[in-house]
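Novice: Quick one, structure for this:
(one chain, ligands or ions: 1)
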Amino acid sequence: MKIVRCIDGSQRALNVEHISFRSNDDMEVRLVDFMGDDPSVVEAARVSTHQGLKGEEKDRALIAYLAENDHMTPFEHVVVKLYIKCPLCIAVQILRHRTFSYNMLSRRYTSRNISFFIPTVLRTQNKKGNLQGSSGELDGDASKELLNEIQNFYKEAHLLYKKLINMGVAREQARFVLPQGVFTEFYMTGNLRNFMHFVELRLDVHAQMEAQWIAMSVLKVLFSIAPVSVSYLFKRVRSRLTLSDPVHSQMRDLIARMEKEVMR
Ligand SMILES: Cc1cc2nc3c(=O)[nH]c(=O)nc-3n(C[C@H](O)[C@H](O)[C@H](O)COP(=O)(O)OP(=O)(O)OC[C@H]3O[C@@H](n4cnc5c(N)ncnc54)[C@H](O)[C@@H]3O)c2cc1C
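Specialist: Numbering: from 1, shown residues only. Presented below is the predicted three-dimensional model:
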């Protein structure tokens, strides 16, 4: 349990352990720890003039001004540490964001707790527009059959992995047979500025759907800590973002709450 200061001068208790999101296909984004809140952003901005908090109206207006005018450094004083569980190929995409600190499960150290990402649906390849991406869903029957095949393939890969380990092959080599769908887990620590840049890139329809889900969950975590700053920072990038239908529908409530924050 941590105390968060609110922009109106009140305080609220945030149960860190409860800020956790799990997808239908078993990915997870969980808040581990954080430092800072909306007033921290205001205090950081006003230290330059030797002033502090000035009450809700002025403090909100300052956060809005900072976000709208790209004065981003005060947002770096809210620092958030997350635990993320996702398939290896999604982790590789997240790790491309260089301004975070990461620590990750090492398959050189452990051969335990191996599990695999099983998609809830199979999507079809995009043939125009974003050629990296996917569009609709594959036919029901074909999808069911292929999902079974995927599970069997994972089982085979896991069996071979265990055989290599049991025969004395080093973990660092045995892992070559684990497919990209194997789950990995890591800590990701960064500040609100880094995270909102991450959200801008990975929440967009051009990002892989699974990465969009991670970005949406990250945004939900951030909002629970610093709702005013997150709402104004989101407003700043909203016009550049195109949301996929599934993400948009899962974010409806959050978007409404963020819009309410910036309307006050
Ligand atoms: C939809 C999508 C598709 C992608 N497809 C590919 C792909 O096909 N192949 C591929 O290789 N990558 C791909 N990427 C990854 C992309 O190129 C970036 O590596 C990733 O999005 C991280 O972005 P970033 O560098 O802005 O973020 P960060 O690494 O978090 O950096 C944040 C900011 O810090 C600054 N910065 C950080 N490091 C440097 C530096 N060395 N020099 C100057 N400024 C720096 C920049 O302003 C940068 O925007 C894709 C990303 C997305 C979102």
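
Novice: Any part of the least confident helix or strand in the chain by mean pLDDT near the ligand?
Specialist: Ranked by mean pLDDT, DSSP states H and E, the weakest helix or strand in the chain is strand 134-137, scoring a mean of 87. No: taking CB under 6 Å from any ligand atom as the criterion, strand 134-137 and the ligand are apart, separated by no less than 12.5 Å. Glycine gets a C-beta too; all of them are placed from N, C-alpha and C.

Novice: what packs against that strand?
Specialist: Under the contact criterion of 3 or more CB pairs under 8 Å, 6 or more residues apart in numbering; DSSP states H and E, strand 134-137 touches strand 123-125.

Novice: Could I get the buried residue list for the strand it packs on?
Specialist: Within strand 123-125, no residue qualifies as buried by neighbour count (16 or more other CB atoms under 10 Å).

Novice: Packing partners of it?
Specialist: The helices and strands touching strand 123-125, judged by 3+ CB pairs under 8 Å, 6+ apart, are strand 134-137.

Novice: List the contacts of the strand it packs on.
Specialist: By CB atoms under 8 Å, 6 or more residues apart in numbering, the list of residues contacting strand 134-137 from outside reads 121-126, 143, 208-209.

Novice: How far off centre is that strand?
Specialist: 22 Å (CA atoms, centre = their mean, to the nearest Å).

Novice: Same check on stretch 124-140?
Specialist: How far stretch 124-140 lies from its chain's middle: 23 Å, per CA atoms, centre = their mean.

Novice: Only alpha carbons, please: show that stretch as PDB.
Specialist: Written as PDB, here are the backbone C-alpha positions of stretch 124-140 (Å, rounded to 0.1, in the frame of the first residue of the first chain):
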ATOM      1  CA  THR A 124      -5.000 -13.100 -41.000                       C
ATOM      2  CA  GLN A 125      -2.100 -11.300 -42.700                       C
ATOM      3  CA  ASN A 126      -2.600  -7.700 -43.700                       C
ATOM      4  CA  LYS A 127      -2.100  -7.500 -47.500                       C
ATOM      5  CA  LYS A 128      -2.300  -3.700 -47.900                       C
ATOM      6  CA  GLY A 129      -1.600  -0.700 -45.700                       C
ATOM      7  CA  ASN A 130       0.500  -1.900 -42.700                       C
ATOM      8  CA  LEU A 131       2.200  -5.000 -44.300                       C
ATOM      9  CA  GLN A 132       3.700  -5.900 -40.900                       C
ATOM     10  CA  GLY A 133       0.300  -6.200 -39.300                       C
ATOM     11  CA  SER A 134      -2.800  -8.400 -39.100                       C
ATOM     12  CA  SER A 135      -6.400  -7.700 -39.900                       C
ATOM     13  CA  GLY A 136      -9.400 -10.000 -39.500                       C
ATOM     14  CA  GLU A 137      -9.700 -13.500 -38.000                       C
ATOM     15  CA  LEU A 138      -9.000 -16.800 -39.700                       C
ATOM     16  CA  ASP A 139     -12.000 -19.000 -40.400                       C
ATOM     17  CA  GLY A 140     -13.400 -20.800 -37.300                       C
END
